[in-house]
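[1] Test case, fold it:
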Amino acid sequence: MSTNHYDLIVIGTGPGGAALAHRLAATGKRILMIERGDYLPRSRENWDAKAVFVDGLYQANETWYDKSGTPFHPGLHYFVGGNSKVYGAALFRLRERDFDAVEHGDGISPAWPLKYDTFEPYYAQAEHLFHVHGLRGEDPTEPFSSEPYPYPLVAHELPIQKLHDSFKGAGLHPFHIPLGVLLDEKDGMATPTSIWFRNDAFDGFPCLLNGKADAQVMCIDPMLDAYRNVTLLTNACATRLHTDPSGRTVNGVEVSCDGEQIHYSADIVVVSCGALSSALLLLRSANDTHPNGLANGSDQVGRNYLRHNQSVLMALAREPNDTVFQKTLALSDFYFKANDWDYPLGLIQMMGKSHAEQIRAEALPDWLSWVPDMPFEVMARHSLDFWLMSEDLPRPENRIRLDPDGRVILELTENNMEAHHRLRHKLEKLVSEAGAHPHLLERKLYLGKDIPIGGTAHQAGTARFGTDPANSVLDLDCKAHELDNLYVVDGSFFPSIGAVNPTLTIIANALRVADKIAHRMGIVQTGMHAAENPS
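    So this is what the prediction gives:
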């Protein structure tokens, strides 16, 4: 057998692909992981706000186009660990109701073909795998859980505790964000042996300490250290999938590596490049049997793109906000409805502190009219920073595609924005009551990109799963309807996205699919372990 043949190929090392490979590594099967990037360099620049946000040091150097033909640079990161190298590590479960059809002001968020109870045990496993800190029972919308969080909550620092108390005084139910960090604390201080400690370089920053629970740190590195049957190929871009003449089996993965085209093959191929890049790989793999793109007989590959309606907002507190690590507080009271709106609004959560370099690089005309003499450094010190998320509803016309010249076109029309505007107004009232200026600055420079189009955080929905091949790409095991050995395990499979960060759901689903693949390979999975099936 060719040395280029494996039992399993996983394309992409983000949370989905990494969790699946990590789960299957103990089977002893030969596994090849293909990553188009390299390890993200560890340097002082990891925590330099100008380098990360203004200069976009770690972002992919690509140009895509919107539906009007205007070029933009997507906020993508090609490194071992994928976009999780710069994510905010907020690891929420979707709410139980998110798996049902939910009526919104702008339409229906469709039901999932599998319900919460299918994913619940895998959510618990994902929380262990990614070191999630939290406390059950605080979040009024949290779903049923079979066990507590595996690690204690990350406590609020004093300014955030005061904000918490203000929200609670308004009759709301603020709670601690479930966070994936390698933190050991005693009396609010990191222990001498803790890998991570509280710092102000978190959301959007690579972690210089390797203390953020990202896919590289939690899955890739431990797996490579423990299992010789797993190979990681870096700086290798999978450019095309080939099929046998019947079109039913992927029999080759074409990889560009150092200017050379290399072909690999496997019994099973798993695509996990991120919802946008996975769809592009399938579309670029068109052949005579699949003329519209691989697995695209339904014309659904690339369609129904989801990415949350999201805003990064900054308020100025009257008193200095000397919080070191601000990302501990969230509010879900308006998740499904409000007292003046019968439809879901979404989630409010704190995020990492604004830095002077970020503020300096953004236009602040409204603010400069009333704080003309406030230095950016002082403005950053007084900032309270929030991430707002409302549900983006799936629309077939919201899609990623290739034009005849091979250019990437991302077509996006915002929807359900009334809910997002109402959520913002709720926050404005709350921060005013808490002693901050009621005018919220909408920050654009998150991950160095303008959130409305270039910001591709929380991408999902481009190859959704379902029971009907006419309107879905994947079956309930996330295997392509039209191919016998092709799976997709990033956010592509989502039929809807709810209004919480999607990463934990991606990880949980990848563990679920790993069990399906293990069974197919004749392996019995027990928790996180594997053994040959004697039958």
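[2] what distance separates the biggest strand by length in the chain from the middle of the whole chain?
    Longest strand in the chain by number of residues (criterion: DSSP state E): strand 260-271. Offset of strand 260-271 from its chain centre (C-alpha atoms, centre = their mean, to the nearest Å): 25 Å.
[3] before we move on, what about stretch 271-291?
    Per C-alpha atoms, centre = their mean, the centroid offset for stretch 271-291 relative to its chain is 20 Å.
[4] Can you mark which positions in that stretch are buried?
    The neighbour-count check on stretch 271-291 (16 or more other C-beta atoms under 10 Å) flags 271-285, 290 as buried. To be clear about C-beta, it is placed using only N, CA and C from the backbone, and glycine gets the same treatment.
[5] Just the residues you listed: which are in strands?
    Val271.
[6] what two of the buried residues of stretch 271-291 are the furthest from one another?
    Gly274 and His290 (21.2 Å; C-beta to C-beta).
[7] Show the average pLDDT along the longest strand of the chain.
    The average of the pLDDT scores along strand 260-271 is 97.
[8] ok, and for that strand, which residues are buried?
    Going by neighbour count (16+ other C-beta under 10 Å), the buried part of strand 260-271 is Tyr264, Ser265, Ala266, Asp267, Ile268, Val269, Val270, Val271.
[9] out of those, who's nearest Leu182?
    Nearest to Leu182 among the buried residues of strand 260-271: Val270, at 26.7 Å, using C-beta to C-beta.
[10] Okay, the closest one and Ala238: tell me how far apart.
    11 Å (C-beta to C-beta, to the nearest Å).
[11] and for the two, which residues touch both?
    Between them, Val270 and Ala238 share these contacting residues under C-beta atoms under 8 Å, 6 or more residues apart in numbering: Ile11.
[12] Thought Thr191 was touching Asp184, still the case?
    Yes: between Asp184 and Thr191 there is a contact under C-beta atoms under 8 Å: 4.5 Å.
[13] Could you check which of the two is surrounded by more residues?
    Asp184 (15 against 11; other C-beta atoms under 10 Å).
[14] In contact with the more buried one, which residues?
    Counted by C-beta under 8 Å, 6+ apart, Asp184 has contacts Ala190, Thr191, Thr193, Ser194.
[15] Swap in 10 Å and give it another go.
    Tyr151, Pro152, Ala190, Thr191, Pro192, Thr193, Ser194, Ile195, Trp196, Phe197 (C-beta atoms under 10 Å, 6 or more residues apart in numbering).
[16] does the closest residue to Leu57 other than its chain neighbours count as helix, strand or coil?
    Counting by C-beta to C-beta, 6 or more residues apart in numbering, Ala51 is the residue found nearest to Leu57 once chain neighbours are left out, at 4.5 Å. Using DSSP: H, G, I helix; E, B strand; the rest coil, the structure places Ala51 in helix.
[17] you'd agree Ala51 is up against Tyr58?
    Yes: using C-beta atoms under 10 Å, Ala51 is in contact with Tyr58, at 8.4 Å.
[18] Name the residue in these two with the higher neighbour count.
    Tyr58 (23 against 18).
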